[in-house]
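# give me coordinates for this.
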Amino acid sequence: MLLTPRSQAPRPDGPRPGTAARFRRPPGRLKAAALLASAVSVCLLAASSPPAPLGIGDRLYPDLGNPGYDVQSYNLSFTYPGTNSKPLQAVTTINASTTTDLDRLNLDFAHGKVESVQVNGEPATFTSAGDDLVVTPARPLPRGTWTRITVRHTSDPAAVKDQDGGWVRTEDGLAMANQADAAHLVFPCNDHPSDKALFTIRITAPNDYTAVANGLPTGVERGPESTTWTYRTRHPMATELTQVSIGRSTVLHRTGPHHLPMRDVVPTKDVKELEPWLAKTPDQIAWMESKVGHYPFETYGLLMAQASTGFELETQTLSLFERELFTGHTYPKWYVESIMVHELSHQWFGDSVSPRTWSDLWLNEGHATWYEALYAEEVGHKPMEKRMKAAYAASDGWRAAGGPPAEPKAPDPGQKISIFRPNVYDGAALALYALRQEIGRPAFERLERSWVNLHRDGTATTADFERLASRISGRDLSGFFEGWLYGKKTPPMPGHPDWKPAAPGAKAAKSAK
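Purely as a prediction, here's the structure:
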């Protein structure tokens, strides 16, 4: 995710303007295994107690996700009524394997009417508890059971009080923006990036609409009044990266590197104006491949939404952009292109390699900001060193406001996406710059390629990154990472002893607010 700058002129060489508002390590870094073990214990205890919301113990979103099962695939079916002001009829089918004995299970689902639930073809009872749908199957589910859960429900595009994301209403339909914790406002799921799965998505809409979703199309069924489109992913995906576009759109096709099939979804009336921007993507993919290796998915493209979201979003294989970013003529060409590369680079960093916990967000946004800045330097001739020096001056202020990069502060009340603060964007990119200074460019570039190759289609943690960096550099970097990722103050920059943080209260520090 990249928050769209709202100032009239961007800072060409400094930290990204407007990256505010959208993640403190407790004693000892919580490990994913410990989180899961704790959550499973809660699940087992809950079996004999009243239904209650559960979670897997994520430090920033403790109630997000659910223990006791591992989702293998989702089959989503949406029927659009021809207006974005009314709920869609929907069916969500989840195929999962149980990881412990379950008398009942929880799904994340908080914004829709549940009409029925079946487990393995048999009717199941259900109730709501907080943001959870609590399902009690007709018979217990032993550990290691392949389980199919089918939920018939509505999916409501109306805004939710004190909730961010989910369906986004556009001028002519709908799109999705589920980061970080809003997929369960759209469909029942295990809404945490640690549980990735394959997706099949079917959308039925009136014939004057076009529907597109993640992955590649597998079929189109046209009827006298409506059309059903089916899409399927070939790689596992986190729920927060789901995308469905419904609108009066045109789908533009082109070919990327290695014969990669590409498609862009744009408002039909804007095709001519937007095509020059979209035509840049194949070369941008080739540029990213020269840095980190082969593009990790089956297709890519841009979804130009007729909506004011306030951000751009790396939904898997189909990144969401505000149309106004390209048609408003507010920002210089090099800057818009670097934002395109920011979301593209997320396909490697965040989508293919997903964060095990939300405290690992810096691995997504820091890398996306890094390649955004590197592209601006190599293609737009905007020196990275100048940008990093400005970020260094602001870094102490960002850490005070949002926490250090790998120990972000919890979201603000009522603003769950407020974890997306400057400390995980330019603050994290600054840590990557320091790492390159510390281990040298060749080792850093090997690290980047190895990282996305080693963890492709999976999840990873900050500790995983630290271990790999130490192995590739041939020395223990734990002290380096302790300061740069967890310190309250920004450490000295290797190779730049003259760089100084801004004085408290200075303008650079205030930019974190």
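# ok, now which ones touch Arg254?
Neighbouring residues of Arg254 by Cβ atoms under 8 Å, 6 or more residues apart in numbering: 262-264, 278-279, 281-282. Using the backbone N, CA and C atoms, a C-beta is placed for each residue, glycine as well.
# shouldn't it be within a strand?
Yes. Judged by DSSP: H, G, I helix; E, B strand; the rest coil, Arg254 forms part of a strand.
# quick check: bridge partners of it?
On the basis of DSSP bridges, Arg254 takes part in beta bridges with Met262.
# stretch 273-291: end-to-end distance?
30 Å (Cα to Cα, to the nearest Å).
# buried residues, that stretch. List them.
Within stretch 273-291, the residues that count as buried by 16 or more other Cβ atoms under 10 Å are 274, 277-278, 280-282, 284-285, 287-289, 291.
# please enumerate the helices of the stretch 301-450 of the chain.
Secondary structure of the stretch 301-450 of the chain (DSSP state H, counting those that start in this stretch): helices located at 324-327, 333-345, 361-378, 384-402, 426-439, 441-454.
# out of the ones you listed, flag the one nearest Asp103.
Checking these against Asp103 by Cβ to Cβ gives helix 361-378 as the closest, at 34.3 Å.
# what's the angle from that closest one to helix 426-439?
70 degrees (axes from the mean of the first three to the mean of the last three Cα atoms, to 10 degrees).
# out of the contacts of Arg254, which comes closest to Tyr425?
Nearest to Tyr425 among the contacts of Arg254, with distances taken as Cβ to Cβ, is Thr281, at 22.2 Å.
# any idea how far the residue of the chain positioned farthest from its centre lies from Val114?
Most distant from the centre of the chain: Pro224, at 37.2 Å, with distances by Cα atoms, centre = their mean. Using Cβ to Cβ, to the nearest Å, we find Pro224 at a distance of 31 Å from Val114.
# so Glu240 makes contact with Met176?
No. Using Cβ atoms under 8 Å, Glu240 is not in contact with Met176, being 9.7 Å away.
# need the max-distance pair from the buried residues of stretch 273-291.
Leu274 and Lys291, at 26.1 Å, using Cβ to Cβ across the buried residues of stretch 273-291.
# the stretch 1-150 of the chain: helices as residue ranges?
Using DSSP H, counting those that start in this stretch, helices in the stretch 1-150 of the chain cover 32-46.
# sketch out the low-pLDDT regions of it for me.
3-48 (pLDDT under 70).
# check the chain too.
If you take pLDDT under 70 as the line, the chain has these spans: 3-48, 162-164, 504-513.
# now do 80
For the chain, the stretches with pLDDT under 80 are 1-49, 160-165, 413-417, 503-513.
# show me the contacts for Thr154.
By Cβ under 8 Å, 6+ apart, the neighbours of Thr154 are 87-90, 112-113, 115.
# go again with 10 Å.
Neighbouring residues of Thr154 by Cβ atoms under 10 Å, 6 or more residues apart in numbering: 79, 86-90, 111-115.
# closest one to Asn66 out of those, please.
Val114 (15.8 Å).
# what about the closest one, distance to Phe187?
For Val114 relative to Phe187 (Cβ to Cβ), the value is 11 Å.
# residues shared between the contacts of these two?
92, 107, 151, 153.
# wait, the second one sits on Asp195?
No. Assessed by Cβ atoms under 10 Å, Leu107 is found out of contact with Asp195, at 11.5 Å.
# mutual contacts of those two, please.
Joint contacts of Leu107 and Asp195 (Cβ under 10 Å, 6+ apart) are 66, 69, 71, 96, 189.
# of these - the most surrounded one?
Cys189 (27 neighbours; other Cβ atoms under 10 Å).
# quickly list what it is bridged to.
Beta-bridge partners, per DSSP bridges, of Cys189: Asp108.
# please name the residues that touch it.
65-66, 71, 74, 76, 92, 94, 107-109, 133, 151, 178, 183, 195, 197, 238-240, 242.
# returning to what we had before: can you list residues touching both of Glu240 and Met176?
165, 182-183, 313, 315.
# now, which of the residues you listed sits nearest Gly328?
For the shared contacts of Glu240 and Met176, the nearest to Gly328 is Leu313 (18.1 Å; Cβ to Cβ).
# could you measure the closest one against Met176, distance?
Taking Cβ to Cβ, one finds Leu313 at 9 Å from Met176.
# so how many other residues sit close to Thr99?
Thr99 has 16 nearby residues by other Cβ under 10 Å.
# would you agree it is in contact with Gln72?
No. Using Cβ under 10 Å, Thr99 is not in contact with Gln72, being 11.9 Å away.
# do you know how far Ala391 is from Asp426?
Ala391 is 4 Å from Asp426, by Cβ to Cβ.
# I'd like to know the beta-bridge partner residues of Phe199.
Phe199 has these beta-bridge partners by DSSP bridges: Tyr74.
# just Asn95 next, same as before
Going by DSSP bridges, Asn95 forms beta bridges with Ser73, Arg148.
# what does Val91 give?
Ser77, Arg152.
# equivalent analysis for Pro206, please.
With DSSP bridges as the rule, Pro206 is bridged to Ser226.
# count of neighbours near it?
Using other Cβ under 10 Å: Pro206 sits among 13 other residues.
# for Ser85, see how far away it is.
From Pro206 to Ser85 the distance is 15 Å (Cβ to Cβ).
# circling back: which one's more surrounded, Val114 and Phe187?
Phe187 (31 against 18).
# SS state for the more buried one?
Phe187 - assigned by three-state DSSP - is coil.
# quick one, what contacts the nearest residue in space to it that is not next to it in sequence?
With Cβ to Cβ, 6 or more residues apart in numbering as the criterion, Phe187 has its nearest non-adjacent residue at 4.7 Å, and that residue is Thr92. Residues near Thr92 by Cβ under 10 Å, 6+ apart: 74-78, 107, 109, 112, 114, 117, 149-153, 155, 186-189.
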